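**Q** Could you look at this predicted model? Sequence included:
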Amino acid sequence: MTMLQLKNVSKVYDGKVPYRALEDVSLTVPKGSFVGLMGPSGSGKTTLLNIVSTIDRPTSGSVLIDGQNPHALAPGPLARFRRRELGFVFQDFNLLDTLTVRENIFLPLALDGVGAAEMQRRLDELADVLGIASILDKRTFEISGGQAQRTAIARAVIHRPKVLLADEPTGSLDSRTAREVIALFETVNRELGVTVLMVTHDPMAASYCRRVVFIKDGRIEQQIERTDGQPAFFGEIVGMMARLERTDEV
């Protein structure tokens with residue numbers, strides 16, 4: 001079953017000199033996939049993520065999420081679609097310092113009017129999986145960067161989104177913590193069945209994905225799938241990055 005489908009998506013930013021960030025991008029992501037987007041700065045990967053997340057709109061082409069085109073919705077229904085069907089994890093966590101970890105995680109459910117008992121039941125399901133049971137009553141300034149990102153992941157999936165979108169989720173973490181956090185994305189994907197689309201520059205993080213899509217100059221340049229273990233896939237990703245860099249030098 002297809003969860004996400006982009007058909008001939010292009011994005012042009014207007015200006016004195018129009019800038020084409022994406023050109024004729026088509027991509028199919030089956031339900032339950034864990035897909036990484038990689039490419040040099042300015043390649044278009046974040047633009048693609050912003051279009052999928054409905055933060056930005058395509059200039060041409062279509063985006064379907066579970067068969068629905070969110071860009072065709074009016075502002076009110078679009079806001080509800082974004083809140084209910086999508087989850088977001090960012091490099092800088094975007095947690096509220098005035099709230100506890102528990103309250104930060106509850107926020108999407110509270111905005112949707114979910115009752116306290118149901119919120120707690122869903123949190124109980126996530127706390128052990130994400131290793132946050134011991135920090136739920138702490139303020140966000142009392143926890144580590146890794147714990148903050150775990151909290152952000154819990155907040156992003158507690159409302160059971162169809163697609164989890166992550167933009168450089170390990171960018172502000174040290175290498176050991178980054179490995180722990182990215183392994184959680186794999187756990188969320190595998191155990192909760194959430195489809196994950198992640199932008200990253202880090203080949204280690206990308207090696208936990210099942211497929212990596214390389215974008216260059218606004219186009220999909222190459223795609224590779226993980227057929228062996230994570231260490232072998234890491235080597236494939238590094239090799240592909242090196243080949244793409246060499247084509248820049250020719």
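**A** Cool, got the structure.
**Q** Need the contact partners of the longest helix seen in the chain.
**A** When the chain is parsed with DSSP state H, its longest helix is helix 230-249. Residues outside helix 230-249 that contact it (Cβ atoms under 8 Å, 6 or more residues apart in numbering) are 38, 40, 203-204, 206-208, 212, 214, 216, 221-222, 224, 226-227. (C-beta placed from N, C-alpha, C; glycine too.)
**Q** from those, which has minimum pLDDT?
**A** For the contacts of helix 230-249, the weakest pLDDT value sits at Pro40, with 88.
**Q** need the contact list for Arg226.
**A** Applying Cβ under 8 Å, 6+ apart, we find Arg226 in contact with 207, 209-211, 233.
**Q** Repeat the analysis, applying 10 Å as the threshold.
**A** Arg226 makes contacts with 34, 36, 206-212, 232-234, 236-237, as judged by Cβ atoms under 10 Å, 6 or more residues apart in numbering.
**Q** Ramachandran angles for it?
**A** Here is the backbone geometry of Arg226 (degrees, to the nearest 10): phi -80, psi 120.
**Q** Now do it against Leu165, distance only.
**A** 20 Å (Cβ to Cβ, to the nearest Å).
**Q** now Met198
**A** 8 Å.
**Q** any shared contact partners between the two?
**A** If you check Met198 and Leu165 against Cβ under 10 Å, 6+ apart, the residues they both contact are 49, 89.
**Q** All the helices of this structure, residue numbers only.
**A** Using DSSP H, helices in the chain cover 45-52, 75-85, 101-111, 116-130, 145-157, 175-192, 203-206, 230-249.
**Q** Just put those in TSV and tack on distance to Ala21 and mean neighbour count.
**A** Below are the helices of the chain laid out as TSV (distance: least, Cβ to Cβ, whole Å; neighbours: other Cβ atoms under 10 Å):
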stretch	distance to Ala21	mean neighbour count
helix 45-52	4	22
helix 75-85	21	13
helix 101-111	29	19
helix 116-130	34	15
helix 145-157	25	23
helix 175-192	26	17
helix 203-206	21	23
helix 230-249	18	13
